[in-house]
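Enquirer: Output the structure for:
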Amino acid sequence: MAKAVQQKADNPIDWEETSITGPTLTFHAGCVVGNNFYIHGGIETKDGKAPSNKLYQLNSSGGSWKELSFPGSPSLSHHQAVALSDRYIILVGGWNGKARSSKIFAFDTEKQLWMEPTASGFPEDGGLSSHTATALSSGEILILGREGSLRMQRRHGSGYILSGNVESGKFTYKEYTQETASRSGHTASIIGNTLYIVGGRDNNLIEMHSGFKSPNAPLPVTNSITTAVDKLNPVSKMPGGRKNHIAIESPGALLIHGGETFDGRSREPVGEMYIFSRKPTPTFYKVGVSDVKRAGHVCGVVGDKIILHGGLGGKNQVMLATESSNSAAMMYLFPNCYKFDLLSI
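Expert: Residues are numbered from 1 along each chain as shown. Just a heads-up that it's a prediction; the model follows:
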């Protein structure tokens with residue numbers, strides 16, 4: 001049975017805790033294939049060094065997370081998962097416990113089989129982590145964000161177009177030449193023919209680039225994100241930078257939730273929620289501050305549900321403070337699964 005998170009009076013929408021519990025993970029990857037939400041990898045403790053190789057499935061009808069144990073699943077965190085052909089889960093890059101990787105892994109949801117296609121075109125001494133991977137209508141994948149030499153571990157705003165397919169067993173990285181700002185822990189979403197890159201740095205919160213098209217239209221359950229702005233006032237000041245948040249696409253707007261801010265207000269995840277609407281002019285609206293504070297979480301839209309899972313939690317969730325001279329707040333991870341309550345709009 002669902003357990004509602006206490007909703008603040010000025011929040012027109014908020015998260016609702018469900019009875020669905022699952023694996024305790026953060027900085028994992030997630031995507032939706034058919035009527036199923038899949039999550040893979042991640043770390044199980046706040047400063048964990050050994051990424052998980054586990055794959056879980058949650059059906060849209062609810063129930064519980066089901067672990068899918070098949071040979072060949074890679075151990076990764078800070079990676080990305082993209083659905084292709086409504087059948088394959090493509091894992092791109094990530095931290096393998098020793099180094100950043102640019103490898104590609106694929107899971108066939110029909111045959112229940114892991115594969116490792118070849119991937120060429122990426123700098124030999126480089127890898128990817130805390131990047132984004134966005135499926136395009138062309139069948140290609142746009143890769144943006146943190147990429148660096150394994151020696152220098154530098155951060156810059158490079159991008160790549162990943163082309164290929166599972167059937168051929170081959171993928172190729174080609175450098176994306178349009179300049180973007182340096183980002184890490186950001187999101188990249190497509191609405192209409194525009195790409196919106198949010199966060200991942202302490203300034204220049206959002207970038208917009210035209211000429212992109214998503215292979216999938218937003219599901220009807222997200223329509224309320226677009227219409228919510230009718231009940232909200234525009235912010236007078238642009239929100240500050242943030243990273244490791246989530247962004248949910250609707251037909252005309254983005255919902256941005258959580259993350260870690262760069263402004264020094266808190267060293268813990270925040271519960272802030274904003275809606276960015278592109279019409280009539282690009283505008284931010286503050287929804288409110290949720291009690292659900294998360295960073296490094298994942299989100300998926302399945303049927304009539306918007307589901308949030310995992311991540312680092314904030315002070316008002318689970319907190320342990322030591323009494324030693326170097327007293328520190330220790331954040332724990334949460335197995336809880338949340339869905340978005342849009343019924344109040």
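Enquirer: For Arg242, which non-adjacent residue is spatially closest?
Expert: Of all residues not flanking Arg242 in the chain, Gly259 sits nearest, at 3.9 Å (CB to CB, 6 or more residues apart in numbering). No exception for glycine: its C-beta is placed from N, CA and C like everyone else's.
Enquirer: so what's that neighbour up against?
Expert: Each residue near Gly259 by CB atoms under 8 Å, 6 or more residues apart in numbering is listed here: Gly185, Gly199, Arg242, Lys243, Asn244, His245, Ile246, Pro269, Val270, Glu272, Arg294, Ala295.
Enquirer: ok, now with 10 Å
Expert: By CB atoms under 10 Å, 6 or more residues apart in numbering, the contact set of Gly259 is 185-187, 198-200, 241-247, 269-272, 293-297, 311.
Enquirer: Sitting in strands, which of those residues do you find?
Expert: Residues from these lying in strands, with DSSP state E as the criterion: Thr187, Val198, Arg242, Lys243, Ile246, Ala247, Glu272, Arg294, Ala295.
Enquirer: ok, how many other residues are close to the third one?
Expert: By the other CB atoms under 10 Å criterion, the neighbourhood of Arg242 contains 27 residues.
Enquirer: do Ser163 as well
Expert: By other CB under 10 Å, neighbour count at Ser163 equals 16.
Enquirer: For it, give the beta-bridge partners.
Expert: Beta-bridge partners recorded for Ser163 (DSSP bridges): Thr172.
Enquirer: Would you check that it makes contact with Lys174?
Expert: Yes: if you go by CB atoms under 10 Å, Ser163 and Lys174 touch, sitting 6.9 Å apart.
Enquirer: what's the overlap in contacts for those two?
Expert: Between them, Ser163 and Lys174 share the contacting residues Gly121, Glu140, judged by CB under 10 Å, 6+ apart.
Enquirer: quick one: the residue nearest to Arg242 from Ser168, how far?
Expert: Remark: distance between Gly259 and Ser168 (CB to CB, to the nearest Å) = 37 Å.
Enquirer: and Lys49, what is it in contact with?
Expert: Per CB under 10 Å, 6+ apart, neighbours of Lys49: Ile43, Ser77, Trp95, Gly97, Lys98.
Enquirer: Adding secondary structure, write the residues you listed out as JSON lines.
Expert: Output for those, formatted as JSON lines (DSSP: H, G, I helix; E, B strand; the rest coil):
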{"residue": "Ile43", "secondary structure": "strand"}
{"residue": "Ser77", "secondary structure": "strand"}
{"residue": "Trp95", "secondary structure": "strand"}
{"residue": "Gly97", "secondary structure": "coil"}
{"residue": "Lys98", "secondary structure": "coil"}
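Enquirer: Pull out the buried members of the residues you listed.
Expert: Ile43, Ser77, Trp95 (16 or more other CB atoms under 10 Å).
Enquirer: how about the helices in this protein?
Expert: 223-227 (DSSP state H).
Enquirer: give me the low-pLDDT residue ranges for it?
Expert: Residues of the chain meeting the criterion pLDDT under 70: 1-10, 62, 148-157, 264-266, 314-334, 341-345.
Enquirer: Greatest separation within the ones in strands among the contacts of Gly259: which pair is it?
Expert: Put simply, by CB to CB the two of these set farthest apart are Val198 and Arg294, 15.6 Å from each other.
Enquirer: Name the nearest residue to Gly42, sequence neighbours excluded.
Expert: Nearest to Gly42 is His28, by CB to CB, 6+ apart, at 2.7 Å.
Enquirer: pretty sure that neighbour is touching His79, no?
Expert: Yes: His28 is within contact range of His79, at 8.3 Å (criterion: CB under 10 Å).
Enquirer: For burial, what's the neighbour tally of the residue lying closest to Ser277 once chain neighbours are set aside?
Expert: In space, and not counting its chain neighbours, Ser277 is closest to Ala253: 4.4 Å by CB to CB, 6+ apart. If you count neighbours by other CB under 10 Å, Ala253 ends up with 27.
Enquirer: thinking again about what came up before, can you list the buried ones among the contacts of Lys49 in JSON lines and add distance to Lys279?
Expert: Output for these, formatted as JSON lines (distance: CB to CB, whole Å):
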{"residue": "Ile43", "distance to Lys279": "39"}
{"residue": "Ser77", "distance to Lys279": "37"}
{"residue": "Trp95", "distance to Lys279": "38"}
